[in-house]
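**Q** Let me see the structure of the following:
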Amino acid sequence: MAHKFLVSTLATAVALSISATAMAKDMGKVERNFEQITVIGSQQAINDIPGSATFISDAELQKFEFTDISRVLASVPGVYVQEEDGYGLRPNIGMRGTGTGRNDKISVMEDGVLVAPAPYSAPSAYYFPTMGRMESIEVLKGAASVKYGPRTTGGVLNLLSRSLPTEPNSSTGMLDAALGSDGYYKGHAYFAKEKNNTAGLIEVFTYGADGFKDLPVGDDNTGFEKTDLLLKLGHTFGKNDAHNLELKIKYSDETSDETYMGLTDADYQATPYRRYAASQNDEMNTRHNAYQLNYAYRFGAGYELLATAYLNDFHRNWYKASKVSESYLEQYSEFEANPTAQGIEGIAIKANNRDYQAKGIQSELHIPAGNHYITVGMRYHEDEMDRFQWQDEYTLNQDLSMTLTERGVPGSDSNRVDSATARTLFIQDEWTLDALVISAGLRFEDITITREEWAKSDPTRSNGLTKNVSNDTDILVPSLGATYTVNDNITLLAGIQQGYAPAAPGNADQEEEKSVNIEFGSRYNVSGINGEIIAFYSDYDNMHGNCTAAVGCSDENIGDQYNYGEVAVSGVEFSAGHTFNTDTVMFPVKLTYTYTDSEFKNTFDSEIWGTVEKGDAMPYVPKNQVALSMGAELSAFVVHSQLRYVSDSHADLTDSGLNAINSRVVWDLAAKYRIDDNQKVYLSVDNLFDKTYIANRANGGIQPGKPRTLQLGYTYSF
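**A** This next block holds a predicted model:
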């Protein structure tokens, strides 16, 4: 009751004079006409943050013209990405040993708003923002990330969409078109204008490919098509332009001929980019609508009130073969080698049909008070996932075509709704004592997560619930961090925080995930070499395992959550960058390295990983990761390359799964020629030396990484 009284009192104070409350940024002390909701704000702001922080600017993103977030994050220390489709449509991202399954252990945001379709009730979901239209990327780990939640162990990934123009009476625009390997195409255009304190932006991004895998039947299309539309409107008003209002509307849709069905080891060795005929009908269809209203009010001597209201709707139906274990893959492979007249009957293809909604209001009040800079924030959030799935059955014929033999009834495979309500309060005090800055934060979460389930024979949901269970949680999450500026070249940092993730519904014995996370290190800029070195340690009392098809769970257990007990993760993050200059050429060089050691402290049987023995390392967490980027920049011609090394890791903890993901080195290359101030042509090559490698084994069989692909493009901007 004391917690609830605290929430009510502080929420009232924060919400005073607000009719639509919301959120904002961490380091936002820079005046600007139109509010851009950020976590870090800029490269310069990083030095004040008591934790690991990375800011990837628009200029950095343009070096390689990446549309795959996996390649963008390869140069960020402490981040692990498990590839899946090869194009970055559905990345699996983890930080500091959290695991990588469906981004369910980190906070992914776009413009400061949680972007998972149901971040509390169903964090493992198949939506990720379109990387190619982003203006910058922010990654925050450590004590400062506690502010964002609800999962506070790993860190925060904030993707920033294109900002409104701020120059009075100005207009900007861009047209970018590219073609590439495997039928790849990209079209990207935007136009933005500011006049009389009002600004508008419209942006279109569309891309696709035929895919790099080969089916033995049909049109042999294993690719995708995705279109993303963005509209922003902003207006600044009031005395001294104290008030700012911004509306953001976004729509995207995707059709991708993607499958969970991988390959057997033997088939991968023989033809790594093959796909079995039994996967020919597999297809993902999604639709995403997002609405966001931001308000900023600056008053007094440095006071700021920042607020956001948001609504996200997401629909997806992944129609895919559901029997993809090793025995089924062997059956499909043998049939293709020697097809029989009777075919293979009873191939189940499931319509993984789900609707998601997330909505909320969140706000921050920034209060300068002498040597203190106090931030008080709140969030009220609701989300839900509605699973209404069915399963059809097919026969794989002798000619490798497929015939529908039994159509399933919608709702007859899964018929349930998971929902959540969360009330959050956050307070942080940044106290400056000369060269020492102490940052103390406290986050409170009041969360109710509910599962309502109907019988699979009751698609109208008229016969009453068969299950109605809830988990209620009140949690206080503290953090403490500090930076000490030794001189202009060296800043020391340290932090400690509690990691937390709420328990999912459906299991009465499920516990919250809790951990203690410590980091310490230094940022430096010595003789033109700048970077950071940070050691981290996470001690889990109870790690969660979230059961999804992406990590190999059986159909009846998908969506469940398991307690995995005590886990320890430790490591080191290092980065260093320098630009060598001559009279005519600049040579930028950057090196990042991550060392991670993970260990289970107890023995248990896992639905996800098999039998886990005390002392085992976590699957899909490599010990060593290295990224080395090098470039040469002349006045009109620029070339950049990036090397990515990932050491061995294992896919599960059975004998066959140990070290099943081999180490790899992948090179990417990009070159640009600037025709004039407004025009350029570019060439990018992903996987320059055509390295064949296993990206993952988490679904059914082996999924390969993307082979060498080329992209040739032209950009006109003004």
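**Q** Strands of the stretch 551-700 of the chain, start to end?
**A** Along the stretch 551-700 of the chain, the stretches classed as strands by DSSP state E, counting those that start in this stretch are 561-563, 567-581, 586-600, 604-606, 610-612, 624-633, 637-646, 664-674, 679-686, 694-696.
**Q** so which of those strands comes closest to residue 171?
**A** Ranking those by proximity to residue 171 (CB to CB) places strand 679-686 first, at 17.7 Å. Where you see a C-beta, it was placed from the backbone N, CA and C, and this is true even at glycine.
**Q** Can you tell me who residue 188 pairs with across the strands?
**A** Beta-bridge partners of residue 188, counted by DSSP bridges, are residue 176, residue 205.
**Q** ok, now which ones touch the residue most central in space within the chain?
**A** Within the chain, the residue whose C-alpha comes closest to the C-alpha centroid is residue 108; the distance, by CA atoms, centre = their mean, is 4.9 Å. For residue 108, the contacting residues are 93, 114, 115, 116, 128, 157, 159, taking CB atoms under 8 Å, 6 or more residues apart in numbering as the criterion.
**Q** Just the helices from this protein, written as ranges.
**A** Residue ranges of the helices in the chain, as given by DSSP state H, are 2-15, 58-64, 69-73, 265-270, 326-337.
**Q** In terms of pLDDT, where does residue 299 sit?
**A** Residue 299 carries a pLDDT value of 92.
**Q** I figured it hits residue 240, correct?
**A** No: checked against CB atoms under 8 Å, the pair residue 299 and residue 240 is beyond contact range at 9.2 Å.
**Q** quick revisit: would you check how far apart the residue nearest to the centre of the chain and residue 513 are?
**A** Computed with CB to CB, to the nearest Å, the distance linking residue 108 and residue 513 is 17 Å.
**Q** Check residue 372 too.
**A** According to CB to CB, residue 372 and residue 513 sit 32 Å apart.
**Q** quick one: residue 515 and residue 567, what's the gap?
**A** Noted for residue 515: a distance of 8 Å to residue 567, by CB to CB.
**Q** Quickly list what's touching both of these two.
**A** Shared contacts of residue 515 and residue 567, defined by CB under 8 Å, 6+ apart, comprise 538, 540, 543.
**Q** Name the nearest of the residues you listed relative to residue 478.
**A** Distances from residue 478 to these, taken by CB to CB, are shortest for residue 538, at 15.5 Å.
**Q** I'd guessed that closest one sits against residue 569; true?
**A** Yes: the pair formed by residue 538 and residue 569 meets the contact definition of CB under 8 Å, at 4.4 Å.
**Q** Residues that sit against both of these two, list them.
**A** Both residue 538 and residue 569 are contacted by 96, 97, under the criterion CB under 8 Å, 6+ apart.
**Q** Now for the residue lying closest to residue 301 once chain neighbours are set aside: which residues touch it?
**A** Computed as CB to CB, 6 or more residues apart in numbering, the closest residue to residue 301 that is not its neighbour in sequence is residue 368, at 6.5 Å. The neighbours of residue 368, taking CB under 8 Å, 6+ apart as the test, are 301, 302, 303, 374.
**Q** likewise residue 81?
**A** For residue 81, the residues meeting the contact criterion (CB under 8 Å, 6+ apart) are 69, 70, 73, 74, 91, 92, 93, 94, 100.
**Q** Can you tell me how far the spatially closest residue to it that is not a sequence neighbour is from residue 537?
**A** Nearest non-adjacent residue to residue 81, counting by CB to CB, 6+ apart: residue 70, 4.4 Å away. Applying CB to CB, one obtains 26 Å for the distance of residue 70 from residue 537.
**Q** Among these two, which residue is more densely surrounded?
**A** Per other CB atoms under 10 Å, whichever of residue 70 and residue 537 has more neighbours is residue 70, with 24 against 18.
**Q** Can you give me every residue that contacts that one?
**A** Each residue near residue 70 by CB under 8 Å, 6+ apart is listed here: 81, 83, 88, 91.
**Q** again with residue 133
**A** If you count contacts by CB under 8 Å, 6+ apart, residue 133 has them with 161, 162, 188, 203, 205, 228, 230.
**Q** and those residues, which two are the farthest apart?
**A** For the contacts of residue 133, the maximum inter-member distance is 13.0 Å, found between 161 and 188 (CB to CB).
**Q** give me phi/psi at the closest residue in space to residue 573 that isn't next to it in sequence?
**A** Closest residue to residue 573 in three dimensions, ignoring its sequence neighbours and counting by CB to CB, 6+ apart: residue 77, at 3.6 Å. Reported as degrees, to the nearest 10, the phi and psi values for residue 77 are phi -70, psi 150.
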